[in-house]
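Trainee: quick check, what structure comes out for this input:
(one chain, ligands or ions: 1)
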Amino acid sequence: MDINEHGHVIEVTDLRRVYGSGFEAVRGITFSVDRGEIFALLGTNGAGKTSTVELLEGLARPAGGRVRVLGHDPHAERTAVRPRAGVMLQEGGFPSELTVAETARMWAGCVSRARPEKEALALVGLGRRADVRVKQLSGGERRRLDLALALLGEPEVLFLDEPTTGLDAEGRRDTWELVRALRDAGTTVLLTTHYLEEAEQLADRLAILHEGRIAATGTPAEVTAGQPSRISFRLPVGYFLGDLPPLGELGVCGHEVDGDVVRLRTRELQRTATGLLVWAEGARVELRGLDVRSASLEEAFLGIAREQGVAA
Ligand SMILES: Nc1ncnc2c1ncn2[C@@H]1O[C@H](COP(=O)(O)OP(=O)(O)OP(=O)(O)O)[C@@H](O)[C@H]1O
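Mentor: Below is the predicted model of the structure:
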């Protein structure tokens, strides 16, 4: 059987990983990813993202629990999974004297039914860099080459460990577009990232890992639901916090004042923002530096790190 009885391409149940030193890096995590879904693993440094992805890639055996990729144990049944999976590790490590095209050709030799190298390089925007030596590539271009190699076998499932680290804003957006196009064509994608915006933009569902456990999971909207929005501004000269309408009446659920900067938290963004603006208009003052932000993944992430006593 190809995919498990629930139709999940990736299924992880109570997964554990213990290193030789006895350190438990992954402490019983459970999640699944469906065909054609992008799933992001987020987390603080050392949360266990890479340790988890390596188990999914079959590079190590779990200390406990179960992992299935395309219905197979990726470690014990490596030969059944590997040809159908594309892997982009955090550190590629290619021979630096080879050119981009030579590297892709060498890699294609290890892949059954590889797509043409030119096509893979064009997908990641390296088509014109084919004759450049790997050592002459920028950090971002190496990252793209990593991705091209992961795509050579036209994988059904793609593991991307921090795929856009080192890319500039344009490169990051190009990669997002490519990953979305692959997803739309039916590829299942599991990625780790440090960029919350990346997860917000790309992920259909995500999990935030903290100290080897899942601290929050769901769609980006589900994970951010319940987080407060933020409003900040500078108090007009000569004004004090007490001159504003009572904060409770504005729907504010928390506030702090730093010099003349006021930061408010609210779960009723429209009511709070309207109340403030109506007050400012009536008092004929300007709220300098006014910044209004709806609840974001960043808020959820920082909240988890704070609650669990981590400096984020
Ligand atoms: N080979 C190893 N031996 C012992 N401990 C390890 C080993 N590799 C990782 N660890 C520890 O396991 C924990 C999880 O590491 P991991 O690399 O999975 O985290 P991560 O979430 O990917 O972190 P980052 O965001 O910094 O890449 C860390 O505390 C790390 O120090």
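Trainee: state whether Pro163 is indeed within a helix.
Mentor: No: Pro163: not assigned to a helix; according to DSSP: H, G, I helix; E, B strand; the rest coil it is coil.
Trainee: for it, give me the pLDDT.
Mentor: Per-residue pLDDT puts Pro163 at 91.
Trainee: please apply the same query to the one 5 residues further on.
Mentor: Listed pLDDT for Asp168 reads 88.
Trainee: and it, how far from Gly139?
Mentor: Plainly put, Asp168 is 10 Å away from Gly139 if you go by CB to CB, to the nearest Å. C-beta: built from backbone N, CA, C; applies to glycine.
Trainee: then Arg265?
Mentor: According to CB to CB, Arg265 and Gly139 sit 38 Å apart.
Trainee: more neighbours: which of those two?
Mentor: Taking neighbours as other CB atoms under 10 Å, Arg265 and Gly139 compare with Arg265 leading, 17 against 10.
Trainee: quick one: secondary structure of that one?
Mentor: What three-state DSSP gives for Arg265 is strand.
Trainee: from Leu302, how far off is it?
Mentor: Counting by CB to CB, the gap from Arg265 to Leu302 is 12 Å.
Trainee: same question for Gly64.
Mentor: From Gly64 to Leu302 the distance is 31 Å (CB to CB).
Trainee: ditto for Thr99
Mentor: 44 Å.
Trainee: so which residues of the stretch 101-250 of the chain form helices?
Mentor: Using DSSP state H, counting those that start in this stretch, the helices of the stretch 101-250 of the chain run over residues 117-123, 139-151, 169-184, 196-202, 220-224.
Trainee: quick one, which of the ones you listed gets closest to the ligand.
Mentor: helix 196-202 (12.9 Å; CB to the nearest ligand atom).
Trainee: buried ones in that closest one, by neighbour count?
Mentor: Neighbour-count burial for helix 196-202, counted by 16 or more other CB atoms under 10 Å, picks out Leu196, Glu198, Ala199, Glu200, Gln201, Leu202.
Trainee: do that helix and the ligand meet?
Mentor: No: interface with the ligand: helix 196-202 contributes nothing (CB under 6 Å from any ligand atom), its closest point being 12.9 Å away.
Trainee: which residues sit against that helix?
Mentor: When contacts are defined by CB atoms under 8 Å, 6 or more residues apart in numbering, helix 196-202 is touched by residues 38, 40, 42, 164, 172, 176, 179-180, 191, 193, 206, 220, 296-298, 301.
Trainee: pretty sure Gly7 contacts Val33?
Mentor: No: at 10.7 Å, Gly7 does not count as touching Val33 under the criterion of CB atoms under 8 Å.
Trainee: which one of the two is surrounded by more residues?
Mentor: Val33 (21 against 12).
Trainee: what does the chain have sitting close to the ligand?
Mentor: Checking the chain against the ligand by CB under 6 Å from any ligand atom, the hits are Tyr19, Ser21, Phe23, Ala25, Gly43, Asn45, Gly46, Ala47, Gly48, Lys49, Thr50, Ser51.
Trainee: what about the second one, neighbour count?
Mentor: Here the neighbour count serves as a burial measure; for Ser21 (other CB under 10 Å) it reads 5.
Trainee: need the three-state assignment for it.
Mentor: coil.
Trainee: need the contact list for the residue of the stretch 51-200 of the chain found nearest the ligand.
Mentor: In the stretch 51-200 of the chain, no residue comes nearer to the ligand than Ser51, which is 3.3 Å away by CB to the nearest ligand atom. Applying CB under 8 Å, 6+ apart to Ser51 gives the contacts Arg17, Ala25, Val26, Gly212.
Trainee: same thing but at 7 Å, please
Mentor: Ser51 makes contacts with Arg17, Ala25, Val26, as judged by CB atoms under 7 Å, 6 or more residues apart in numbering.
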